[in-house]
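**Student:** quick check, what structure comes out for this input:
(chains A and B)
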Amino acid sequence: MSNVLRAVRGMNDILPADSPLWRYFERTVRGWLDLYGYSEVRTPILEHTGLFKRAIGEVTDIVEKEMYTFVDELNGESLTLRPEGTASCVRAAIEHNLLFEGGKRLWYAGPMFRHERPQKGRYRQFHQVGIEALGYAGPDLDIEHLLMTARLWRLLGLADHIRLEINSLGGADARARHREKLIAYFQAHEAELDEDAKRRLHTNPLRILDTKNPAMQTLVEAAPQLMDELDDSARTHFAAVQQGLDDAGIPYRVNPRLVRGLDYYNLTVFEWVTDRLGSQGTVCAGGRYDGLVAQLGGKPAPACGYAMGVERLLVMMQEAGLTPAVPAPDVYLVNVGEAAKRFAPEVAETLRDAGLKVLLHGGGGSFKSQMKKADASGARHAIIVGDDEAAVGEVAIKPLRLAGEQQRVALTRAAELLKG
RNA sequence: GUGGCGGUAGCUCAAUUGGUAGAGUCCCAGAUUGUGAUUCUGGCUGUUGUGGGUUCGAGUCCCAUCCGUCACCCCA
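**Tutor:** As a prediction, the model looks like this:
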């Protein structure tokens, strides 16, 4: 294998054994998005580096050490493979004035890139489906997003394995106040902080609250709560979101320590989590980002959205045994003899004209081996063409799955017989 | 980026204190010269991830590296 080229680490081929699951997932997701009236946007995989720095935040882990950034040597521009989809989606909406007529419900799907250490459910090229509602301020869209995700889990058969956690981050001012209090509080207890916490104190103090170190639990529990800083409008918004979940009968847990890794979030944030994926438990997450449109140069517009990790959901589906049936052709066309070989493409095309999925045997081989392949293909029928049949424009139809006699008919009658 | 464990045929896995790399499956052919799933017979399949080192001799021991995996970090 030393001379063999390999895929880049953390970037996977999706092979025929897996593509039916992907297609099933994508089909389900598209139908589900149609139910809610969302429109697809497709943006480039590559953007100017500045877009992500401005949208995600200069000091986030993603921007500091996980982006695939390079200089286009032909013109000196710094470009970046998108690490997430919201920035591109919002950029496109601003660039093309999509919000001119008011709110827009959008979605996108595709590969994202982050230079992290690969692990199960975490890859350097991974896929997300993202949903964004731009131009809507009220909690009604937050609620719509939570209800629609709950429906998707039901459609995919994952509802029993996923639970919802929500929180409110308040406005920018509330978070700034909270951040200061938090830093002051932890500085006052610096002796009790572990190494991780000391490092995070000024980079990402919110993350200290998430520590898994049992020795710090009491310290963390007595820390200033973001919830206490929320103003009335943020409280009202959050209460309305919870009311909406209650009305819909969707169970959830308010997790005051739930934060987001991207700077643009405010007010409602949520995560759908599972305990079936080890440490990669977050399967879908998002929230409100009312400041982002203006931050990227657009006319100020509120917005909220979320993204799901496709690979993580697919692993869950596989482990739950929810894999779709392998697609099989309707007909496997066996052909033996020179005249038969010339006749076979006409037979195949005629049947395809009638909408039948036909796998034409390729590569020669004995009659027996062709029949074995016909069986292995999963086709319901084998069509057998020999020189005898070819000479008179007939085919032999043999049922492979159900009982029944083989019968020989004119090609012109074959399709109707196979479909009936 | 840090640490633990792992890597043998296309796939799933064996290989005794270091002593000639094996099985099942798959694939191919035949038993059955125009009939597939079962059965029987025969056959193909490897730079033991890669590169060095120790040794008379390395799948096995040592070093490096790549890839996977788990945890951390972070996140979908």
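**Student:** tell me the mean pLDDT over the one helix or strand residue A:198 maps to?
**Tutor:** In the assignment (DSSP states H and E), residue A:198 maps to helix A:195-203. In this model, helix A:195-203 has a mean pLDDT of 78.
**Student:** in terms of secondary structure, what does that helix contact?
**Tutor:** Judged by 3 or more Cβ pairs under 8 Å, 6 or more residues apart in numbering; DSSP states H and E, helix A:195-203 is in contact with helix A:172-188, helix A:205-208. C-beta here means a position set from N, CA and C on the backbone, and glycine is covered the same way.
**Student:** OK, contacts around the residue nearest to residue A:123 when sequence neighbours are not counted?
**Tutor:** Leaving aside its chain neighbours, residue A:123 sits nearest to residue A:10 (4.8 Å; criterion: Cβ to Cβ, 6 or more residues apart in numbering). Contact partners of residue A:10, counting by Cβ atoms under 8 Å, 6 or more residues apart in numbering, are A:116, A:118, A:123-125.
**Student:** return the member of those residues nearest to residue A:75.
**Tutor:** Nearest to residue A:75 among these, counting by Cβ to Cβ, is residue A:125 at 25.0 Å.
**Student:** how does chain A divide up, domain by domain?
**Tutor:** A:19-171+A:230-319, A:331-419 (automatic domain parsing).
**Student:** can I get the ones you listed in CSV with mean neighbour count, distance to residue A:178 and mean pLDDT?
**Tutor:** As requested, those are arranged in CSV below (neighbours: other Cβ atoms under 10 Å; distance: least, Cβ to Cβ, whole Å; pLDDT from 0 to 100):
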stretch, mean neighbour count, distance to residue A:178, mean pLDDT
domain A:19-171+A:230-319, 18, 8, 94
domain A:331-419, 16, 59, 92
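**Student:** give me the pLDDT for residue A:330.
**Tutor:** Confidence for residue A:330, expressed as pLDDT, is 94.
**Student:** so how far is residue A:10 from the residue of chain A found nearest RNA strand B?
**Tutor:** Using Cβ to the nearest atom of the strand, the single residue of chain A nearest to RNA strand B is residue A:261, 1.5 Å away. In this view, residue A:261 and residue A:10 are 19 Å apart by Cβ to Cβ, to the nearest Å.
**Student:** show me where the stretch 101-250 of chain A has strands.
**Tutor:** Applying DSSP state E, counting those that start in this stretch to the stretch 101-250 of chain A gives strands spanning A:104-113, A:125-134, A:163-168.
**Student:** the second one near RNA strand B at all?
**Tutor:** So that's strand A:125-134. Yes - Strand A:125-134 is in contact with RNA strand B by Cβ under 7 Å from any atom of the strand, via A:126, A:128.
**Student:** how about that strand as PDB, C-alpha atoms only?
**Tutor:** Presented in PDB, the C-alpha positions along strand A:125-134 are these (Å, rounded to 0.1, in the frame of the first residue of the first chain):
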ATOM      1  CA  GLN A 125     -14.900  16.700   6.000                       C
ATOM      2  CA  PHE A 126     -18.300  16.200   7.400                       C
ATOM      3  CA  HIS A 127     -21.800  16.900   6.300                       C
ATOM      4  CA  GLN A 128     -24.400  19.200   7.700                       C
ATOM      5  CA  VAL A 129     -28.000  20.000   6.900                       C
ATOM      6  CA  GLY A 130     -28.600  23.600   8.000                       C
ATOM      7  CA  ILE A 131     -31.900  25.500   8.400                       C
ATOM      8  CA  GLU A 132     -32.000  29.300   8.700                       C
ATOM      9  CA  ALA A 133     -35.000  31.600   9.200                       C
ATOM     10  CA  LEU A 134     -33.900  35.100   8.400                       C
END
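**Student:** who does that strand pair up with?
**Tutor:** strand A:104-113 (antiparallel), strand A:303-309 (antiparallel) (DSSP bridges).
**Student:** tabulate the helices and strands packed on helix A:195-203 (JSON lines), appending distance to RNA strand B and mean neighbour count.
**Tutor:** JSON lines is the format used below for these (distance: least, Cβ to the nearest atom of the strand, whole Å; neighbours: other Cβ atoms under 10 Å):
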{"stretch": "helix A:172-188", "distance to RNA strand B": "14", "mean neighbour count": "16"}
{"stretch": "helix A:205-208", "distance to RNA strand B": "4", "mean neighbour count": "20"}
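**Student:** where among those is average confidence lowest?
**Tutor:** Looking at the helices and strands packed on helix A:195-203, the bottom one is helix A:205-208 with a mean of 81.
**Student:** dump it to PDB, restricted to CA.
**Tutor:** Written as PDB, here are the backbone C-alpha positions of helix A:205-208 (Å, rounded to 0.1, in the frame of the first residue of the first chain):
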ATOM      1  CA  PRO A 205     -14.900  31.600  30.600                       C
ATOM      2  CA  LEU A 206     -18.300  30.200  29.800                       C
ATOM      3  CA  ARG A 207     -16.700  26.900  29.100                       C
ATOM      4  CA  ILE A 208     -15.400  26.600  32.600                       C
END
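**Student:** how far does that helix sit from the chain's center?
**Tutor:** Put simply, helix A:205-208 sits 27 Å off its chain's centre (Cα atoms, centre = their mean, to the nearest Å).
**Student:** can you list the residues that contact that helix?
**Tutor:** So helix A:205-208 is contacted by A:179, A:182-183, A:186, A:193, A:196-197, A:200-201, A:216, A:220, A:223, A:226, A:259 (Cβ under 8 Å, 6+ apart).
**Student:** got it, and stretch A:189-201?
**Tutor:** A:183, A:186-187, A:207-208, A:211, A:213, A:215-216, A:219.
**Student:** could you measure from the closest residue to residue A:133 other than its chain neighbours over to residue A:408?
**Tutor:** Of all residues not flanking residue A:133 in the chain, residue A:141 sits nearest, at 4.5 Å (Cβ to Cβ, 6+ apart). For residue A:141, the distance to residue A:408 (Cβ to Cβ) stands at 63 Å.
**Student:** on that earlier part again, which two from the contacts of residue A:10 end up farthest apart in space?
**Tutor:** Once Cβ to Cβ is applied, the contacts of residue A:10 give A:116 and A:125 as the farthest pair, at 11.0 Å.
**Student:** how about the residues of the stretch 251-400 of chain A by RNA strand B?
**Tutor:** Counting by Cβ under 7 Å from any atom of the strand, the residues of the stretch 251-400 of chain A that sit close to RNA strand B are A:260-262, A:271, A:278-286, A:307-309, A:311-312, A:336, A:365-369, A:371-376, A:382, A:384, A:386-389, A:396, A:398, A:400.
**Student:** just these: which are in helices?
**Tutor:** When DSSP state H is applied, those are split such that A:311-312, A:367-369, A:371-376, A:387-389 fall in helices.
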